[in-house]
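Colleague: no sequence on this one, just coordinates:
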Ligand SMILES: [N-]=[N+]=N[C@]1([C@H](N)O)O[C@H](CO)[C@@H](O)[C@H](O)[C@H]1O
C-alpha cells in the first residue's frame, strides 16, 4: 500500500449550513453563536475524518511499529483554530463565516479550552501528538477524559479563587465515543495461588470507556488518535435501592466510579498523594495497556514481538504502574515466565523525567499500594528483588521506608529514560538517578523539549507568520529550522519595519483586549515584560515583583531619569493547597493596585495580573510580548517550554542558565539574551553559605528597601503584616536564592531598559531570536524520540 495524500476537497459554507440544519437542528434565523461554532466544527471535523481513516488504514496495512504516549495530562486548549490551520482552511473558513454575517473571531472564541493539564508537562504532550501526526508516525495518546479540567481562576481582593472548570457542560465537538472500546479495571481484593499461578480477584471494578479525538498534523497529511478514558460503573443504577426511595444510595456506585475521571488534580510538579490519584493513574494505565495488547493481538501473532512493534512512553511517573501491570498481563494472564515478561516489558517501556524537585517524585505508601493493587505490590517486590539480585553491590531499592518509589520503578522498568533539556539530563544523571545511572550508563538519554510551530507561531501570530512566509516561503511551518533563512534578510530595513510593525500591532490588540476585559489601559509603546507560568517558588515570580517594587521606588526617587516605560504582565495559577504561592499572587495584585494608581510612576511602570491563565491566553499574550521572564533558580526548571514560544515570537529573554534557557541562549546567541544569576553549581555552593540572604540584603540597599516596603505593608495598608511570611522567608532561609540573585537581576533589567530604547537594535535582536529558534520545534524533539528511544519510522516519504 503506497502512501496516499489524504488532503480533502472544500465547499465549507454549504457544509456549515448542512450541519446547522441536520446536526444542530437549527435554522439560520434562530442559530446562536454556539450553534454556528458547533456547525463549523462539525464541517471541519468531517474533513479530518477522511485523513484519519486513510492514516489508520495505512498504519494497519504497513504493520508499522506504533508509539503510545501515556500521560495523565493533555493540555490541548482549543481545537477549531488549530484544525483549520493544519487543514489549510483558515482563510476559507474566515470567508465562509463572514459570508454568513458572523464574526470569525467571535465564533473561534466561543470554544472552551480543553484544560486537561496543569502546565508544561501537559502542554508538551499536546505538542508531541501534533508533531507525531505532522511526521506521519503511527501513534496514539492515552489519557483521562476529566469531566472538569484545571480549575477556573478568578481574583477576589487580589486573592486566587478556584471554581470548577466546565468544558464538558456543552457537547465537545471533537470527540467520538467508542463504546466498543470498554475495559473493566479492578481495584482491591485479594490474590490467590491457583496451580502455581497468581490469580487476582478485585474487590471492585469500574468500566473504562474510550472517547477518541483525531489529532491532525500539518497539511492534514496524517491524523493520529488521542484516546481518553471516562470512568463509569458496571451497574449505573441500583434499582432495588431506588425503589426503596434510597435515591442517593441507588446512584452511589455510579458516582463513585465517575469520581475517578471527575477532575484533574491541580498540582503542577508536586504530587497529590491521594488514594483517588493513584486510582486515576492505574485506571487509565490499565485500560490503555489492555487496549494496546488487544490491537497488537489483532495485528501480530507472537507476543514476543511486542518490543518490535510497540513503544510506550511514560510521561513522568504518573503511569509508572505500567511496568507491574504489563508484567501482570504477560506473566499472570498470558503465562510467560516472569523473567521473560519483565524483559519484554522493559524493552517496550520508556520513561521521561520532568523534574528534579525531590518533593515532586511520586512515592506511594506500601500499605496503600497493597490495599488498592495487591497483585502489583507483589510484582513490585519481585521486580525489586530481581533488580537487586543483578546488582548486589549497589542497592537502589524501589521499595524503601515503607514507600514505593515510582521514579526508581519507572527507571528499572524502562528501556530508555530521558530528561527534557541538556542541563536537566546531566543533573538527572548526577542527582536523582545517580546510582541507577552508574548501574545502567547507557539508559539515560536527552531529548530537549520543543513546541509545535503550527499553534505557537503560524496560528497565534499571523502577522509575523505572514512576514516570514513573504521573506522565505512557507516551508518553515513544516520544517522550522528553515527560519534561519530569515537571517540574511535582516539588514533589509523594510523587513525590520514590518517585524516591528507586527509586534506593535499585536501589542495594540492585547492592550485593547486588556482594557476591554480588565479595565486597565496599557501603552502599546511600553515594553511588555511577561511572566506566564504556574506559580511556584522555584519559578521566582516573587523575584520579579520584588524588582518591580525596587524599580517603583527608584522612579519615585528620580522621576525624570529617563525611565523606559514598562508593563509587567503576570499570568499563572497556584495549586489550591500551595499557600505560599497563593500569597505571591496576592502580593502581585496588591503591588499592582498601588503602582498603577501612582501618578508619578504609572507612566513608566504598570503591573497587571491577568486571571485564569490558560493555553488561549498564552496564544494572545506571547505574540505581543517584548520580554520573556525565565528567572527560575538554576537547576530547578527542568526545561521550560514557554521560553521557546517567546523566543520564536521575537520576545527577548531575561533569564538564568537553567533548563532549556541554556540551549536557547546557545542558539540565539549570548548577545541576544539577557543572562543573569548563579549557575546550578553556584546555587548549590551559595545555599551552603550561612545567612546567604542576609548578606545579599546587607550588600544591596535597593533590595533591602524593597523588602522593607513589603514588610511594612506599603501594599497592604488594610493588613500591614500580610506579607511577613514572604519577607520572613526571603530574609531567612530563602531556599530559592531570590535575594542572592537580586542584584544581578536588577543589572540585567537595566540592560534590558537600555536595549529597548534602541528600537532598531531591539528589533534586530528579536528577529534573530525568531530566526535562530527553529531547533525548538517539537518536530525535532519527536524525531529524536523516534530515532533514539522508540525505533519508530514515519510512514510518509521524506517526513
Ligand atoms: N511536572 N513537571 N514538570 C515540568 C512542568 N512543570 O510541567 O515539565 C515541563 C515539560 O517537560 C518542563 O518544561 C518544566 O520545566 C517542568 O517543571
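Modeller: Looks like it came in fine. Predicted model only: the values in this text are computed from it and were never measured. Numbers count the residues shown, from 1 in each chain.
Colleague: Not counting sequence-adjacent ones, nearest residue to residue 469?
Modeller: Leaving out its chain neighbours, the residue that sits closest to residue 469 by C-beta to C-beta, 6 or more residues apart in numbering is residue 476, at 7.5 Å. C-betas here are computed from N, CA, C, even on glycine.
Colleague: Surely that neighbour is in a helix?
Modeller: Yes. According to DSSP: H, G, I helix; E, B strand; the rest coil, the state of residue 476 is that of a helix.
Colleague: which ones are touching it?
Modeller: 453, 468, 469, 482, 483, 485, 774 (C-beta atoms under 8 Å, 6 or more residues apart in numbering).
Colleague: where does the protein dip in pLDDT?
Modeller: 1-10, 269-270, 272, 797 (pLDDT under 70).
Colleague: Up against the ligand, what does it have?
Modeller: Residues of the chain lying close to the ligand (C-beta under 6 Å from any ligand atom) are 119-121, 124, 268-269, 316, 354-355, 420, 449, 637-641, 659.
Colleague: re the thing from before, could the contacts of residue 476 go into TSV alongside neighbour count?
Modeller: Converted to TSV, those look like this (neighbours: other C-beta atoms under 10 Å):
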residue	neighbour count
453	30
468	28
469	14
482	17
483	23
485	16
774	21
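Colleague: roughly how far is stretch 711-729 from the heart of the chain?
Modeller: Chain-centre distance of stretch 711-729: 33 Å, with C-alpha atoms, centre = their mean, to the nearest Å.
Colleague: and that stretch, which residues are buried?
Modeller: Neighbour-count burial for stretch 711-729, counted by 16 or more other C-beta atoms under 10 Å, picks out 711, 713, 714, 715, 716, 722, 723, 726, 727, 729.
Colleague: what's the distance between stretch 329-342 and the middle of its chain?
Modeller: That offset, for stretch 329-342, works out to 35 Å (C-alpha atoms, centre = their mean).
Colleague: what's in contact with that stretch?
Modeller: Taking C-beta under 8 Å, 6+ apart as the rule, stretch 329-342 contacts 197-200, 289-290, 293, 303-304, 326-327, 344-345, 375, 379, 382-383, 386, 413.
Colleague: out of the residues you listed, which are buried?
Modeller: Looks like the contacts of stretch 329-342 have 200, 289-290, 293, 303, 326-327, 344-345, 375, 379, 383, 413 buried, using 16+ other C-beta under 10 Å.
Colleague: helices or strands up against the helix or strand residue 644 falls within?
Modeller: Assigned by DSSP states H and E, residue 644 falls within helix 642-648. Counting contacts by 3 or more C-beta pairs under 8 Å, 6 or more residues apart in numbering; DSSP states H and E, helix 642-648 packs against strand 627-630, strand 652-655, helix 661-668, helix 759-771.
Colleague: Can you add distance to residue 334 and mean neighbour count and give those back as TSV?
Modeller: As requested, those are exported to TSV (distance: least, C-beta to C-beta, whole Å; neighbours: other C-beta atoms under 10 Å):
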stretch	distance to residue 334	mean neighbour count
strand 627-630	48	27
strand 652-655	50	26
helix 661-668	43	22
helix 759-771	52	20
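Colleague: Which one of these lies nearest to residue 438?
Modeller: helix 661-668 (24.6 Å; C-beta to C-beta).
Colleague: So in that sheet, which strands flank whichever helix or strand comes after that closest one, and in what orientation?
Modeller: Of the helices and strands lying after helix 661-668 in sequence (DSSP H and E), the nearest is strand 674-675. Note on strand 674-675: by DSSP bridges, its sheet partners are strand 652-655 (parallel).
Colleague: mind checking the SS state of the closest residue to the ligand within the stretch 251-400 of the chain?
Modeller: Going by C-beta to the nearest ligand atom, the ligand is nearest to residue 354 of the stretch 251-400 of the chain, at 3.5 Å. Look at residue 354: counting by three-state DSSP, its state is coil.
Colleague: Who are the contact partners of it?
Modeller: Counted by C-beta under 8 Å, 6+ apart, residue 354 has contacts 120, 121, 269, 315, 316, 420, 638, 639.
Colleague: Kindly recompute the last result at 7 Å.
Modeller: Applying C-beta atoms under 7 Å, 6 or more residues apart in numbering to residue 354 gives the contacts 121, 316, 420, 638.
Colleague: if we can go back for a sec, and the buried residues of stretch 711-729, which is closest to residue 625?
Modeller: Of the buried residues of stretch 711-729, the one sitting nearest to residue 625 (C-beta to C-beta) turns out to be residue 715, at 25.0 Å.
Colleague: Redo the buried residues of stretch 711-729 as CSV? Include secondary structure.
Modeller: Output for these, formatted as CSV (three-state DSSP):
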residue, secondary structure
711, helix
713, coil
714, coil
715, coil
716, coil
722, helix
723, helix
726, helix
727, helix
729, helix
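Colleague: so which pair among those is furthest apart in space?
Modeller: 714 and 729 (18.0 Å).
Colleague: for stretch 44-57, which positions count as buried?
Modeller: For stretch 44-57, using 16+ other C-beta under 10 Å, the buried residues are 44, 45, 47, 48, 51, 52, 54, 55.
Colleague: what does stretch 392-401 give?
Modeller: 396, 398, 399.
Colleague: where's the first one relative to residue 436, distance?
Modeller: Spelled out, it's residue 396. 5 Å (C-beta to C-beta, to the nearest Å).
Colleague: Also the second one?
Modeller: Taking C-beta to C-beta as the measure, residue 398 falls 10 Å from residue 436.
Colleague: do residue 581 as well
Modeller: 31 Å.
Colleague: ok, residue 225 - contacts?
Modeller: Contacts for residue 225 were tallied using C-beta under 7 Å, 6+ apart; they are 140, 212, 214, 215.
Colleague: Can you tell me the SS state at whichever residue of the stretch 651-799 of the chain sits closest to the ligand?
Modeller: Distance from the ligand to each residue of the stretch 651-799 of the chain (C-beta to the nearest ligand atom) is smallest for residue 659, at 5.4 Å. Of the three states, residue 659 takes coil according to three-state DSSP.
Colleague: dump the residue contacts of the residue of the chain most remote from its centre.
Modeller: When distances are taken from the C-alpha mean of the chain, residue 244 lies farthest, 47.6 Å away, according to C-alpha atoms, centre = their mean. Taking C-beta under 7 Å, 6+ apart, we find residue 244 in contact with no residue.
Colleague: Nothing else from me, thank you.
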